[in-house]
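[1] Need coordinates for the below:
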Amino acid sequence: MSDLELNINNLELEDNSFVVLPEGDYHFRVYSHEVVIATSDKLPPNTKQVVVTLEVPSAQGTAKVRHYLNIYKKALFAIRQFTDCIKLTEEHGKANINLDKMDGLTGVCHLISQVANSGNEYNRVDTLYAPSKAPLVTENDEAWEQFQTAQFAPIDPGVVNSPDMPL
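    Okay, here's the model as predicted:
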C-alpha cells in the first residue's frame, strides 16, 4: 500500500467535540494564531486578519475559542484592546502586535455563547480586559491553576470552537 492510500481498518479518529462554556469571565492563553485574508464582504478588500485561537480552561473542560483581529485603520482599537489584555503593549503606549511573541501569553476575557446560522452553539469573546481592569475570576481558579502548572502540549490543529471556520 502506498503512503497516499488510507487504511480505514486501522484508522484512529480524534474526538471532534468541543466545549461551549457558559457566559462569564475566564482566564485564557493564546494557543496559536494564523494570518489570513479576511473573506467578509463587510471589510475592505484584501484586509489582513489575524485569527487567534484562545485556550480557555474551566471546570467544564478546556475550550478553544477563535478571536479575529482585522488589520485596518477602523479596527485598530480592537488590536490595542487585545495587545493590552495579553500585556503586549509597549511601555510607551504603542500597540505591538509582534506575532512571534503572542503565542503563550495570557489574559482575562468575558465570553458569551451564540448560535450560528447552522444552529451550532459556540463561544465568542465579548470583552478583553486590560490587566489593571480585569475582574477577579474565582469560579475557574482550580482549572486555571492546573492549566498553568501543566506542561503545554505541542500545538496541533485540534478542534476550535467557531462555526465559521472549516476544520
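[2] Could you pull up phi and psi at the residue lying closest to residue 81 once chain neighbours are set aside?
    Leaving aside its chain neighbours, residue 81 sits nearest to residue 128 (4.8 Å; criterion: Cβ to Cβ, 6 or more residues apart in numbering). Bear in mind the C-beta positions are built from the backbone N, C-alpha and C, glycine included. Backbone geometry at residue 128, expressed as degrees, to the nearest 10, gives phi -110, psi 130.
[3] need the contact list for residue 128.
    81, 82, 84, 85, 107, 109 (Cβ atoms under 8 Å, 6 or more residues apart in numbering).
[4] Could you do residue 127 as well?
    Residue 127 makes contacts with 109, 110, as judged by Cβ under 8 Å, 6+ apart.
[5] What pairs with the host helix or strand of it, parallel or antiparallel?
    Here residue 127 sits within strand 121-129, counting by DSSP states H and E. Sheet pairing of strand 121-129 (DSSP bridges) gives strand 106-115 (antiparallel).
[6] Buried ones in the strand it pairs with, by neighbour count?
    Residues of strand 106-115 classed as buried: 106, 107, 108, 109, 110, 111 (neighbour count, 16 or more other Cβ atoms under 10 Å).
[7] ok, the fifth one touching residue 24?
    Just to be clear, that refers to residue 110. Yes. Contact criterion Cβ atoms under 8 Å: residue 110 and residue 24 qualify, at 7.1 Å.
[8] Can you tell me how far residue 84 is from residue 116?
    Using Cβ to Cβ, to the nearest Å, residue 84 is found at 29 Å from residue 116.
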